[in-house]
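[1] Fold the following.
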Amino acid sequence: METIRFSHTNIIAKNWRKLAQFYIDTFGCEPVYPERDLSGEWIDKLTNINGVTIKGIHLKLPGYHDGPALEIFEHTPPFLRKKHPAINHQGFGHIAFHTDDVEKVLKKVLTNGGEKYGELVEKDIKGLGILKVIYVRDIEGNIIEIQHWTIKSNLI
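    Model prediction:
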């Protein structure tokens, strides 16, 4: 059987540098160089877009030494959405970050130009533990979940 492992999640940005900096400043993601500058016949064939140029970077996610990455790319020519996504739309829904301090990370999101999507809630989920969680939007409207789980000692 072949080996399969998760590699990355891609976000298409209006401005890849600004969006990458948001994730660096807010969540402690780290750039993985080199920056990407992709063009030519091979990328046209791969994307099925004639004359496409893709620029961006991979970001190492917090909590991983050599794990999956967040790939932030900007395409030329762009095809930008007209509206922000909603939490219940089909397709990519959100990415999630676990933290010890949800309120502190929420404050960083707001300080760095993001915004609240919903309300901060805390819920005791039977059989799992206590979840403190909020959905927010990054500076381009993508949805992020900020969560903290307190696992009940009898579950360990």
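[2] alpha carbons only for contacts and neighbour counts from here, please
    Will do.
[3] Quick check: longest helix in this protein by residues?
    helix 16-27 (DSSP state H).
[4] Now find how far off-centre it is within its chain.
    10 Å (C-alpha atoms, centre = their mean, to the nearest Å).
[5] Now tell me what touches that helix from outside.
    With C-alpha atoms under 8 Å, 6 or more residues apart in numbering as the test, helix 16-27 has contacts from 13, 29-31, 55-57, 59, 62, 72-74, 97, 105, 108-109, 112-113, 138-140.
[6] please redo it, this time with the cut-off set to 10 Å
    11-13, 28-31, 55-62, 70-75, 97-99, 105-114, 138-140, 146 (C-alpha atoms under 10 Å, 6 or more residues apart in numbering).
[7] Buried ones only from those residues, please, as a PyMOL command.
    One line in PyMOL is enough to select the buried members of the contacts of helix 16-27, burial here meaning 16 or more other C-alpha atoms under 10 Å:
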select buried, resi 11+12+13+29+30+31+55+56+57+58+59+60+61+62+70+71+72+73+74+75+97+98+99+105+106+108+109+110+112+114+138+139+140+146
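[8] now, which of the contacts of helix 16-27 lie within strands?
    11-12, 30-31, 55-60, 70-75, 97-98, 146 (DSSP state E).
[9] Spatially central residue for the protein, please.
    residue 95 (4.8 Å; C-alpha atoms, centre = their mean).
[10] Residue 146 is in contact with that one, correct?
    Yes: counting by C-alpha atoms under 10 Å, residue 95 touches residue 146, with 8.8 Å between them.
[11] Between the two, which contacts overlap?
    residue 135.
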